[in-house]
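Visitor: need coordinates for the below:
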Amino acid sequence: MSRITLGTNISSLFVQRQLANASSAASSSYERLSSGMRINRASDDPAGLSVADQLSVQARIAKQGIRNINDAISAVSIAEGALKELSTITQRQIELAQQAANGAYSISQRKALQNEMTALANEFNRIIGSTEYNGKNLFGLTSDSISVQAGVGAENSIAIQLASELNRTVADGTFASSSNFVLSAASVNPIVADFTGDGIADIVTFEDAGAMSQSGIRIGRGDGTFSALQIFNSGEYSLGGGMAGDFDNDGDLDLAAAEGFMTKVYLNDGNGNFSEALSVPTGADPSKAAVGDFNGDGNLDILTTDLTAATGSIFFGNGDGTFRAKGTAIFPSSQSPDQRHIGDVNGDGKDDLVYSDKLYISNGDGTFAVSNLPVGAGSAVLGDVNGDGNLDIAAVGTGAIYLGNGDGTFKAGIDIGIVATNIALIDLNEDGRADIVGAHDATYIGEVYLSQDDGTFALTSTFTSIALPFNFFAVDANGDGASDLFSVAPYQDVTVFYSNSTGSPFAPLLNILTQSKAKTALTELNSQLTRVTAEIGAMGAFRSRLEVAVSNLAASHLEFEAAASRIRDADIAGEAADVIRQQLLQRAAASVLAQANQLPLLALELLRD
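Guide: Numbering: from 1, shown residues only. Model (predicted):
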């Protein structure tokens, strides 16, 4: 039952409250319509705002992830462009090596091919070292995997490993460990090389036991160990050791060994099985044989010395494992020939000799022109230390390097600070430049100096042999792909120093100045092309993965935005209808309020009556 009062107009107050509610609701609808947002402040929907904010953050993360991946796609695109050029360079190098492997070319033509080969190798390595994205080297030794962040957490990180296929395993000039192999006490001048074509070092020994001498091979197992001695020759001759070389041009290393008054040639079947091909008379007191192409016909010849007569003689090879008769004694020598002393010094395609401080330039007919070397007293060894294709000299005992001019002359000596009893120039890190390995007489301490790009050397590591080595070899012993260092003592001791390895995308400097070297270069270049094309494939796979990731993130970004919109955005149609409803309520409330405000007049009418 309604009451009519003068003090309080309850009906008016009630209507005012309804009018205020309708006005507030209409105001909220106007705010949503004008902003387009259902939630304009936390009080509108606290829980909904929290969920919507989280979804918005996820959407922004996905959007940034898309940008991150697009940056990575740009880096991969740059890498792909560089790899295509590397492939073009390698294919041209293969053409050059194929040309140089043809016997129809002269040394002057081979020099032109060599110049282009070296220039292309330098450009290959320049591209490797200079291909960058945002200051990050993509292929060089300082490069690392690119971590692309596509979302929150480590699980949303995409790792792109550049140069993973391009890298080849090489030694870094340091050593992890060593093993000593004690051969027979009668072993003379062992040879370490890959005689089975599996890339693993084998050891050939010549054992002089007086009445019973024998030659044999220990096959490397690829784990740093070797098989038992497999004897391929035994007799009653004193052995002076031997030298390896491909005498029948079948791609397998054969042997030439000084035995008694003969030098015997053993041909290899490619599996480390040797068969005696022929014997050639050498003299009363032969030392170990050395090999080289002294007449420039592409076939290896044999150099022997008769230490009693102090003369050297050459047997010219026919390229099929046979040799022509021994030539006339050609020069006096009291030293044993060694492969480290043989090479084409003047660039005429014929191997020359270095004995002590004398240079013997081959005339191609078994005779030599003799000149003095600039090394002073002591002996010298040959090797290309700066990768320019010219043989250089390392002087034993003085620690000086004499860079060759390619015409039989040499530049002034460069003191590198190594004074060793014995020195070898061998490519230990497989970059195409000879490094220096030396050992000292009193301490048996050896040193490794790696050659640098500018012709200088850096002392990289030291090692200690159990005896003073007379020779060094660089061949992989444990199957990790990196060349290990073999230190060979004069008699029964062979120590292998296992190299620490690293991955290098850089190409080695290859020599194609002879047919045999060109054939060897072809093998390396085919491997290089395989690595380049594999890296191109890897880059393509990475790019495909990144593009899929972009597509997935774009879809995620869309769904996150849609989910947040469903919570935060206003329903315009609904809000517009609600505005009309609230307007009607406002007008109704206003009209009723006007009537409610008249109720106190009824009380006055009652009092008047």
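Visitor: list the contacts for the nearest residue to residue 547 once chain neighbours are set aside?
Guide: The shortest distance from residue 547 to any non-neighbouring residue, by Cβ to Cβ, 6 or more residues apart in numbering, is to residue 73 (7.0 Å). C-beta here means a position set from N, CA and C on the backbone, and glycine is covered the same way. Contacts for residue 73 (Cβ atoms under 8 Å, 6 or more residues apart in numbering) come out as 543, 546-547, 550.
Visitor: would you confirm that residue 73 belongs to a helix?
Guide: Yes: under DSSP: H, G, I helix; E, B strand; the rest coil, residue 73 falls within a helix.
Visitor: how near is it to residue 472?
Guide: Residue 73 sits 48 Å away from residue 472, going by Cβ to Cβ, to the nearest Å.
Visitor: with residue 374 instead?
Guide: According to Cβ to Cβ, residue 374 stands 24 Å off from residue 472.
Visitor: do the same with residue 105
Guide: Computed with Cβ to Cβ, the distance linking residue 105 and residue 472 is 33 Å.
Visitor: among the two, which residue is more densely surrounded?
Guide: residue 472 (24 against 18; other Cβ atoms under 10 Å).
Visitor: wait, is residue 459 part of a strand?
Guide: Yes: under three-state DSSP, residue 459 falls within a strand.
Visitor: pretty sure it contacts residue 449?
Guide: Yes: the pair residue 459 / residue 449 is scored as a contact, 5.5 Å apart, by Cβ atoms under 8 Å.
Visitor: name the residues contacting each of those two.
Guide: Common neighbours of residue 459 and residue 449, using Cβ under 8 Å, 6+ apart, are residue 418.
Visitor: higher neighbour count, these two?
Guide: Legend: neighbour count by other Cβ under 10 Å for residue 459 and residue 449, higher for residue 449 (25 against 14).
Visitor: partners of that one in the sheet?
Guide: residue 436, residue 459 (DSSP bridges).
Visitor: mind listing what it touches?
Guide: Counting by Cβ under 8 Å, 6+ apart, residue 449 touches 416, 418, 435-438, 457-460.
Visitor: filter these to the buried ones?
Guide: Buried members of the contacts of residue 449, counted by 16 or more other Cβ atoms under 10 Å: 416, 418, 435-438, 457, 460.
Visitor: turn the residues you listed into CSV, including distance to residue 117 and pLDDT.
Guide: Shown next, in CSV, are these (distance: Cβ to Cβ, whole Å; pLDDT from 0 to 100):
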residue, distance to residue 117, pLDDT
416, 27, 78
418, 30, 74
435, 21, 91
436, 24, 88
437, 26, 89
438, 30, 83
457, 24, 85
460, 27, 88
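Visitor: what secondary structure does residue 454 sit in?
Guide: Three-state call for residue 454 (three-state DSSP): coil.
Visitor: where does it land on pLDDT?
Guide: Per-residue confidence (pLDDT) for residue 454: 71.
Visitor: which of the residues in stretch 216-228 are buried?
Guide: Under 16+ other Cβ under 10 Å, the buried positions of stretch 216-228 are 216-220, 224, 226.
Visitor: now for the residues you listed: which two are most distant?
Guide: Greatest spacing in those, by Cβ to Cβ: 216 and 224 (19.5 Å).
Visitor: which residue is the nearest non-sequential neighbour of residue 527?
Guide: Spatial nearest neighbour of residue 527, excluding adjacent residues (Cβ to Cβ, 6+ apart): residue 168 at 7.6 Å.
Visitor: surely the one you found meets residue 481?
Guide: Yes: between residue 168 and residue 481 there is a contact under Cβ under 8 Å: 7.3 Å.
Visitor: between those two, tell me which one has more neighbours.
Guide: Just comparing residue 168 and residue 481: by other Cβ under 10 Å the higher neighbour count belongs to residue 168, 20 against 14.
Visitor: phi, psi of the more buried one?
Guide: phi -120, psi 150 (degrees, to the nearest 10).
Visitor: helix or strand right after the least confident helix or strand in the chain by mean pLDDT?
Guide: Least confident element among the helices and strands of the chain, by mean pLDDT, DSSP states H and E: strand 331-332 (a mean of 60). Per DSSP states H and E, strand 331-332 leads on to strand 342-343 as the next helix or strand towards the C-terminus.
Visitor: strand partners of that next one, parallel vs antiparallel please.
Guide: Strand 342-343 sits in its sheet next to strand 352-355 (antiparallel), going by DSSP bridges.
Visitor: hmm, who's touching the partner strand?
Guide: 292, 303, 331, 333, 335, 337, 341-346, 359-362, 368, 373, 379-382, 393, 408.
Visitor: can I get the buried part of these as one PyMOL selection?
Guide: Filtering those down to the buried ones (16+ other Cβ under 10 Å) takes a single PyMOL command:
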select buried, resi 292+303+331+333+337+341+342+343+344+345+346+359+360+361+362+368+373+379+380+381+382+393+408
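Visitor: not counting residues beside it along the chain, what's closest to the spatially most central residue of the chain?
Guide: For the chain, the residue nearest the mean C-alpha position is residue 504 (2.1 Å; Cα atoms, centre = their mean). Closest residue to residue 504 apart from its sequence neighbours, by Cβ to Cβ, 6+ apart: residue 170 at 4.9 Å.
Visitor: helix or strand: which one has residue 511?
Guide: Per DSSP H and E, residue 511 falls between elements, in no helix or strand.
Visitor: buried residues in the helix or strand residue 590 falls within?
Guide: Residue 590 is part of helix 572-596, with elements assigned from DSSP H and E. Buried residues in helix 572-596, counted by 16+ other Cβ under 10 Å: 575, 578-579, 582, 585-586, 589, 592-593, 596.
Visitor: in terms of secondary structure, what does it contact?
Guide: In terms of contacts (3 or more Cβ pairs under 8 Å, 6 or more residues apart in numbering; DSSP states H and E), helix 572-596 is packed against helix 10-35.
Visitor: distance from the chain centre to the helix it packs on, please.
Guide: Its chain's average C-alpha position is 76 Å from that of helix 10-35, according to Cα atoms, centre = their mean, to the nearest Å.
Visitor: from the contact counts, what lies against that helix?
Guide: Counting by 3+ Cβ pairs under 8 Å, 6+ apart, helix 10-35 packs on helix 572-596.
Visitor: can I get the CA coordinates of whichever helix or strand comes after the helix it packs on in PDB?
Guide: For helix 572-596, the following helix or strand on the C-terminal side (DSSP H and E) is helix 599-608. Extracted in PDB, the C-alpha atoms of helix 599-608 (Å, rounded to 0.1, in the frame of the first residue of the first chain):
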ATOM      1  CA  LEU A 599       2.700  13.200  -5.700                       C
ATOM      2  CA  PRO A 600       3.300  15.700  -2.900                       C
ATOM      3  CA  LEU A 601       0.700  17.900  -4.500                       C
ATOM      4  CA  LEU A 602      -1.900  15.300  -3.600                       C
ATOM      5  CA  ALA A 603      -0.900  15.700   0.000                       C
ATOM      6  CA  LEU A 604      -1.500  19.400  -0.200                       C
ATOM      7  CA  GLU A 605      -4.900  18.800  -1.700                       C
ATOM      8  CA  LEU A 606      -5.800  16.500   1.200                       C
ATOM      9  CA  LEU A 607      -4.700  19.200   3.700                       C
ATOM     10  CA  ARG A 608      -6.700  21.900   1.800                       C
END
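Visitor: can you give me the end-to-end span of stretch 411-425?
Guide: Using Cα to Cα, to the nearest Å, the end-to-end distance of stretch 411-425 comes to 18 Å.
Visitor: if you count neighbours, what's buried in that stretch?
Guide: By 16+ other Cβ under 10 Å, the buried positions in stretch 411-425 come out as 413, 416, 418-425.
Visitor: which of the residues you listed fall in strands?
Guide: Using DSSP state E, the members of the buried residues of stretch 411-425 that fall in strands are 422-425.
Visitor: farthest-apart pair in those, please.
Guide: Longest distance between any two of these is 11.7 Å, between 422 and 425; criterion Cβ to Cβ.
Visitor: residue 306 against residue 326, yeah?
Guide: No: using Cβ under 8 Å, residue 306 makes no contact with residue 326, being 10.2 Å away.
Visitor: can you pull up the bridge partners for residue 136?
Guide: Counting by DSSP bridges, residue 136 forms beta bridges with residue 133.
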